[in-house]
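1. Next input, structure requested:
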Amino acid sequence: MIEFNDYGRGFSTATGKPEAVSWITSHIPRNGEILDVGFGCAIYARLLRKQGYEYIDGVDVYESGIKELKLDKYYNNVFISDILDFDFDYYDLIILGDVLEHLTLEDAQELLKGWIHRHKTSHLIVSVPFQLKQHGTYENPHEEHLQPEITPDYMKHHYPYLKLLYSAEMADVPGKIAIYTWQRI
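-> This is a model prediction of the structure:
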């Protein structure tokens with residue numbers, strides 16, 4: 001049996017996914033265009049397809065396993081690119097599910113502020129684990145956490161424009177996860 005981790009696709013907790021999907025369904029129309037950044041095992045795309053979302057693109061820096069695990073079937077387009085180098089016109093929603101911690105603070109701030117200021121999106125949903133150290137795993141160096149010191153205060157200080165939607169202890173691994181949102185008003 002093939003496992004996601006055989007391809008270095010990493011792990012994503014189920015904690016917070018229902019809350020994130022509920023927020024998405026109440027803010028993004030079913031014909032909205034969505035970008036799933038660092039999509040890993042395509043969890044958000046799978047959940048959103050079940051909710052009737054028609055247009056979801058995925059971008060991931062790590063190619064291993066995408067075809068073998070048929071993850072591309074959940075996306076209209078799959079792009080293999082570092083998100084810092086990926087350019088696009090506009091998406092109604094950009095999802096960063098457990099991605100922010102894999103970027104340096106400076107890169108993450110510049111990325112989010114750039115999308116907001118250049119009107120690349122009208123909605124963001126960002127999930128982050130709190131204080132979770134992780135090195136490159138499963139043969140995937142991109143799994144390393146470059147912001148392992150994330151806490152609620154850290155998020156308020158460094159990402160004041162993001163609004164906390166949900167926070168809880170993860171059911172499947174030790175630690176806490178938080179879901180943040182942003183929307184253009």
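2. looking at this, residue 116 is in a helix?
-> Yes: Residue 116 forms part of a helix when assessed by DSSP: H, G, I helix; E, B strand; the rest coil.
3. number of nearby residues for it?
-> Residues lying near residue 116 (other CB atoms under 10 Å) number 15. Any C-beta I mention is one placed from the backbone N, CA and C, and that applies to glycine too.
4. residue contacts, it?
-> Contacts for residue 116 (CB atoms under 8 Å, 6 or more residues apart in numbering) come out as 124, 161, 182, 184.
5. how near is the last one to residue 110?
-> To residue 110, residue 184 is 19 Å away according to CB to CB, to the nearest Å.
6. Which of the contacts of residue 116 fall in strands?
-> Applying DSSP state E to these, the entries found in strands are 124, 182.
7. sorry, back to before: higher neighbour count, residue 184 and residue 110?
-> More neighbours surround residue 110 than the other of residue 184 and residue 110, with 13 against 9 (other CB under 10 Å).
8. for the chain, what spans make up the helices?
-> Ranges of helices within the chain are 17-27, 43-50, 105-117, 152-158, based on DSSP state H.
9. Rebuild those as JSON lines, extending it with mean pLDDT and distance to residue 74.
-> What follows is the helices of the chain, written out as JSON lines (pLDDT from 0 to 100; distance: least, CB to CB, whole Å):
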{"stretch": "helix 17-27", "mean pLDDT": "96", "distance to residue 74": "14"}
{"stretch": "helix 43-50", "mean pLDDT": "95", "distance to residue 74": "4"}
{"stretch": "helix 105-117", "mean pLDDT": "94", "distance to residue 74": "23"}
{"stretch": "helix 152-158", "mean pLDDT": "93", "distance to residue 74": "29"}
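10. Pipe these into CSV and attach distance to residue 63 per row.
-> Below are the helices of the chain laid out as CSV (distance: least, CB to CB, whole Å):
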stretch, distance to residue 63
helix 17-27, 24
helix 43-50, 16
helix 105-117, 21
helix 152-158, 30
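11. most tightly surrounded among those?
-> helix 43-50 (a mean of 19; mean count of other CB atoms under 10 Å).
12. Run the chain-centre distance for that one.
-> Put simply, helix 43-50 sits 13 Å off its chain's centre (CA atoms, centre = their mean, to the nearest Å).
13. Which other helices and strands does that helix contact?
-> helix 17-27, strand 33-37, strand 55-60, strand 93-97 (3 or more CB pairs under 8 Å, 6 or more residues apart in numbering; DSSP states H and E).
14. closest to residue 87 out of those?
-> With respect to residue 87, and counting by CB to CB, the nearest of those is strand 55-60 at 10.6 Å.
15. contact partners of the closest one?
-> By CB under 8 Å, 6+ apart, the residues outside strand 55-60 that reach it are 31-40, 42, 45, 48-49, 66, 71-72, 74-81, 83, 86, 91.
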